[in-house]
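# Below are the sequence and a predicted model for it; my questions follow.
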Amino acid sequence: DAKTTQPTSMDCAEGRAANLPCNHSTISGNEYVYWYRQIHSQGPQYIIHGLKNNETNEMASLIITEDRKSSTLILPHATLRDTAVYYCIVRANAGKSTFGDGTTLTVKP
Amino acid sequence: NAGVTQTPKFQVLKTGQSMTLQCAQDMNHEYMSWYRQDPGMGLRLIHYSVGAGITDQGEVPNGYNVSRSTTEDFPLRLLSAAPSQTSVYFCASAQTGTSGSLYNEQFFGPGTRLTVL
């Protein structure tokens, strides 16, 4: 599975959009981009995933560049409850789904 | 549905002891996995299973055994506990994707917090 690179931490003002980048320059054609988040010490929670088209659901939007080497998770109106560690994962078959260290997002009032 | 359940929630072991962490899911998911998370770190894959009777190693399998005799259960056994195995252990499950090799979102359990003295 392709390796991902994420910033260690980011801040965002409450009510503003949070844009979390992920670099996956070695991604293969059959690999999807997944995003999860982990609030405090709970189990990770699925957010969204995509292959090459942009995706949107009730939680977030996922923007994948045309060359698929990077992506951005967008939380359109961040709240204090969105403070968490956000993980970007790239994988094809589910044999191995590895998590990196993620980005710690802190939403500030 | 209860989702993914893990027992116990907390456990303290002495070095050299063995124990089994239990994981069960009631969603009929074929894929199940175990991760460990050390303080301030991300999750590392220990073992995974793509169906009953099939298991494989992840990134950090040493010191752990798994088996998958049923779809619902995926226990993780610590053979001889060491302080380096102090961690939070998460179990997860996922449904097989329609394309066969692609899986959908993973559902995680609440974790087991293990301390080895």
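Perfect, I can see it now. Numbering: from 1, shown residues only, chains lettered A, B, ... in the order given.

# who's in contact with the closest residue to residue A:45 other than its chain neighbours?
Nearest-residue entry for residue A:45: residue A:37, 5.6 Å, with adjacent residues in sequence omitted and distances by Cβ to Cβ, 6 or more residues apart in numbering or on different chains. C-beta here means a position set from N, CA and C on the backbone, and glycine is covered the same way. By Cβ atoms under 8 Å, 6 or more residues apart in numbering or on different chains, residue A:37 lies in contact with A:44, A:45, A:47, A:82, A:84, A:85, A:86, A:87.

# Would you mind confirming that residue A:68 is in contact with residue A:52?
Yes: look at residue A:68 against residue A:52 with Cβ atoms under 8 Å: they come within range, at 5.9 Å.

# can you give me the strands in chain A?
A:9-13, A:18-23, A:32-38, A:45-50, A:55-56, A:61-64, A:70-75, A:84-91, A:103-108 (DSSP state E).

# What average pLDDT does the second one get?
It stands for strand A:18-23. Strand A:18-23 shows a mean pLDDT of 97.

# I'd like to know which elements it is packed against.
If contacts are counted by 3 or more Cβ pairs under 8 Å, 6 or more residues apart in numbering or on different chains; DSSP states H and E, strand A:18-23 sits against strand A:9-13, strand A:32-38, strand A:70-75, strand A:84-91, strand A:103-108.

# For residue A:55, give the beta-bridge partners.
Residue A:55 has these beta-bridge partners by DSSP bridges: residue A:62.

# what about it, neighbour count?
Neighbourhood size, residue A:55 [other Cβ atoms under 10 Å in any protein chain shown]: 17.

# just to revisit the earlier point, now the helices and strands packed on strand A:18-23 as TSV including distance to residue B:109 and mean pLDDT?
Shown next, in TSV, are those (distance: least, Cβ to Cβ, whole Å; pLDDT from 0 to 100):
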stretch	distance to residue B:109	mean pLDDT
strand A:9-13	27	97
strand A:32-38	13	93
strand A:70-75	24	97
strand A:84-91	17	92
strand A:103-108	22	97
